[in-house]
Structure formats: C-alpha cells, structure tokens
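# A predicted structure for the sequence below; I have some questions about it.
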Amino acid sequence: ETEEVNDIKSHQNIFVGYNKRFELGIDELKKYVMNQNVVSAHFKCFSNLENWRDQPISKSISLDYYKGGGVINELSHEVDLANYLLGSINSIKGKKRNRKYKNSLVEDTAHLKISHKNGIETKVDISFGCSQEIRKSILFLDNKKVTYNHINGLMECKLLNSNKLLFQRSLKEKRNKSFERQIKSILFDDYNYALPCSLIDGLSYINMLK
C-alpha cells in the first residue's frame with residue numbers, strides 16, 4: 001500500500017473530543033429537526049473562566065497564547081455542534097476581542113458567522129469573560145424556534161409569530177453521561193447517539209478559524 005493510503009487509514013482511528021454532540025438534549029434536537037427545514041441557527045456559550053479550574057487565573061492555559069489558549073480554541077464545541085446538527089461548514093468569519101482579560105495575548109470573546117454548504121447561516125457567540133453562565137443551541141425553522149438549554153437540560157419549541165409554546169421537555173442528565181457515550185462510540189463502535197468527530201473535521205475547524 002502507498003504511504004498516502006496508510007495515512008488515510010491511520011487518520012480514521014483519530015478522533016477529536018467534542019463531547020457536546022453526545023448529550024441527550026442534542027440527540028433529541030437532531031431527531032426533531034431531521035425532516036424539517038432549518039432556516040438558520042444561533043449557538044451561544046457565555047461562561048466565567050474563573051469557575052473553570054482550581055488555579056490562579058494568571059496561570060490558566062486558557063489565557064496562554066503559546067499553549068493554545070483563547071476562547072475560539074476552548075469553546076469550539078459550538079462550531080462542532082453547528083457542523084454536526086446543520087451540515088458541513090463552507091466558511092467561518094467573525095470578530096474576536098478581549099472583553100475582560102485585556103492584557104492577555106488571546107481573545108476571551110468571539111462573534112462568528114458560519115456558512116454551511118447547504119446554504120444555512122449560523123451565528124456563534126462565545127465568551128469566557130462573563131459573570132453569568134449561559135449555553136444554548138437555538139434552531140430556527142420555517143415558523144418555529146427550537147431551543148436546547150445545555151445548563152438546565154430544557155428543550156422547548158415555540159411559534160415564531162406568537163411565541164406560543166408548542167412543547168417543553170426536560171432532558172437534564174449527569175454531565176459525565178456525554179463522555180461515557182463518546183468513549184463507547186470510539187472504543188466499541190456504539191453509534192446509538194452520535195459518531196465521534198473525525199480528525200478531518202477537527203482540522204477543518206482549525207483552518208477556518210485561523
């Protein structure tokens with residue numbers, strides 16, 4: 001076999017640890033919109049870096065440029081969710097800024113616009129320089145808005161014109177469940193919830209986010 005073929009085969013056994021796609025709420029969201037027309041989407045994650053790890057903020061790898069810090073690297077889970085739920089990504093554009101950690105070499109906030117190959121447009125707003133904790137995946141259909149709240153596990157659907165609630169479901173579960181499903185998918189080819197993120201997709205995110 002050629003070296004190129006061997007490289008492709010080796011890449012098939014390398015995955016990126018995007019565990020959010022293995023959440024029960026994301027699985028239900030994907031099933032609900034599968035046969036419906038998604039017009040656009042909005043993914044947002046606002047978090048407080050000071051709550052992440054037990055170490056001085058000054059020593060956090062999240063603020064270290066040379067160790068791959070920055071909110072785009074840390075919270076690229078939302079980019080993976082856009083790709084997973086809405087289809088392959090064609091391009092990513094946007095702005096990044098230092099909202100809170102102004103002396104850092106890395107960004108703590110980013111506003112991204114994703115264009116999918118199927119024509120869907122997605123917004124991604126991410127920050128670890130916030131005092132509040134908000135994490136939502138919002139999909140807009142022809143006449144409905146479906147929202148999944150990652151923090152409290154609530155999924156709800158409303159009519160766009162009247163804001164009438166069509167349904168509401170509680171999908172709260174222990175945080176480790178998504179990691180357990182991810183491990184099963186990688187080690188035992190258990191794809192009942194999702195396929196793991198491939199190396200090719202992971203590298204494509206990095207290239208488009210440069």
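That came in fine, so what should we check first? Numbering: from 1, shown residues only.

# what comes into contact with the longest helix seen in the chain?
Longest helix in the chain, counting residues (DSSP state H): helix 176-188. If you take C-beta atoms under 8 Å, 6 or more residues apart in numbering as the criterion, helix 176-188 is touched by 15, 17, 19-20, 22-24, 190-196. All C-beta spots, glycine's among them, are computed from the backbone N, C-alpha and C.

# and which of those residues is nearest A82?
Closest approach between those and A82, by C-beta to C-beta: K20, at 10.9 Å.

# hang on, the earlier thing: mind putting the contacts of helix 176-188 into a markdown table with pLDDT?
Listed next are those as a markdown table, based on pLDDT from 0 to 100:
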| residue | pLDDT |
| --- | --- |
| F15 | 92 |
| G17 | 93 |
| N19 | 96 |
| K20 | 97 |
| F22 | 97 |
| E23 | 97 |
| L24 | 97 |
| D190 | 91 |
| Y191 | 92 |
| N192 | 90 |
| Y193 | 91 |
| A194 | 94 |
| L195 | 93 |
| P196 | 95 |
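
# could I have the buried ones of the residues you listed as PyMOL selection syntax?
Only the buried entries of those go into this PyMOL selection, using 16 or more other C-beta atoms under 10 Å:
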select buried, resi 15+19+20+22+23+24+193+194+196
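
# strands - which of the contacts of helix 176-188 land there?
F15 (DSSP state E).

# the contacts of helix 176-188: which two are farthest apart?
Comparing all pairs in the contacts of helix 176-188 by C-beta to C-beta, the longest separation belongs to F15 and L24, at 20.2 Å.

# which residue lies nearest the spatial centre of the protein?
E78 (2.0 Å; C-alpha atoms, centre = their mean).

# secondary structure element for that residue?
Per DSSP states H and E, E78 falls inside helix 77-86.

# which elements pack onto that helix?
helix 24-33, strand 38-48, strand 89-97, strand 109-116, strand 121-127, strand 129-141, helix 199-209 (3 or more C-beta pairs under 8 Å, 6 or more residues apart in numbering; DSSP states H and E).

# neighbouring contacts of that helix?
Residues contacting helix 77-86 (C-beta under 8 Å, 6+ apart): 16, 18-21, 26, 29-30, 33, 38, 41, 43-45, 89, 92, 112, 114, 116, 118, 120, 122, 124, 126, 137, 139, 194, 197, 201-202, 205, 209.

# and the angle for that helix with strand 38-48?
Interaxial angle of helix 77-86 relative to strand 38-48 (axes from the mean of the first three to the mean of the last three C-alpha atoms, to 10 degrees): 160 degrees.
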